[in-house]
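In: Sequence first, predicted model second:
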Amino acid sequence: MKVAGEKNTDDYYDSRDVVWGFIDKTGALLGGDCRYQEVSDFEDGLAIFKLNHKYGIVDQDAQLIGNMVFDAVNRLGQNKFKVKDEPNAYIIDKTGKKIGGSYNAIGDLYDGLAWVQN
C-alpha cells in the first residue's frame, strides 16, 4: 500500500488523492499549479510526470519536452528515455528526438547496450 507522498522504489511520487507539481529553489511553483498524478525527481534538469493516464517529460521550467506524451516513460540515463507509445517502444533524447528504430519492447541500458523485441 502506498502512502500519499511516499517515495516508491521507482523514484516516483504517487498518490490517488493528491496532485503534484514542481517548485524551483526560491519556492516558486513551476507551470502555475499542481496538476500531475505522478512525478519523478529532476535528474540532469528533466523530470517525468503522469497526467490523464499518460506520461511525459518536463524541463526545469515545467515545459513539456518534445510536445509528446506516452503510455510509459523510463529514464535510461545519459539524458535518454525509453518510451512506450502503443504498440511501439523507442528511445528519445532530452529534446524528444527519436533515436534508432521502433520495437515492441526495449530493455534497460547496461554499458550502452539494451535488448529489443520485435
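Out: Yes, it's here.
In: where do the strands sit along the chain?
Out: Remark: strands assigned in the chain by DSSP state E are 12-14, 22-23, 29-30, 38-40, 47-51, 54-58, 72-77, 80-85, 88-93, 98-103, 105-106, 116-117.
In: Could you save those strands as TSV and add columns showing distance to residue 66, mean neighbour count and mean pLDDT?
Out: The way it works is simple: take the backbone N, C-alpha and C, and place the C-beta from them, glycine included. Formatted as TSV, the strands of the chain follow (distance: least, C-beta to C-beta, whole Å; neighbours: other C-beta atoms under 10 Å; pLDDT from 0 to 100):
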stretch	distance to residue 66	mean neighbour count	mean pLDDT
strand 12-14	20	18	59
strand 22-23	18	16	94
strand 29-30	18	14	91
strand 38-40	16	20	94
strand 47-51	13	21	94
strand 54-58	7	21	95
strand 72-77	11	17	92
strand 80-85	10	20	93
strand 88-93	7	19	94
strand 98-103	9	13	94
strand 105-106	17	17	93
strand 116-117	21	12	94
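In: can I get those in CSV with distance to residue 64?
Out: Converted to CSV, these look like this (distance: least, C-beta to C-beta, whole Å):
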stretch, distance to residue 64
strand 12-14, 18
strand 22-23, 13
strand 29-30, 12
strand 38-40, 13
strand 47-51, 9
strand 54-58, 6
strand 72-77, 12
strand 80-85, 13
strand 88-93, 13
strand 98-103, 16
strand 105-106, 22
strand 116-117, 26
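In: Which of those sits closest to residue 65?
Out: Among the strands of the chain, strand 54-58 comes nearest to residue 65, with 4.2 Å by C-beta to C-beta.
In: who does that closest one touch, helix- and strand-wise?
Out: strand 47-51, strand 72-77 (3 or more C-beta pairs under 8 Å, 6 or more residues apart in numbering; DSSP states H and E).
In: Nice, that's everything, thank you.
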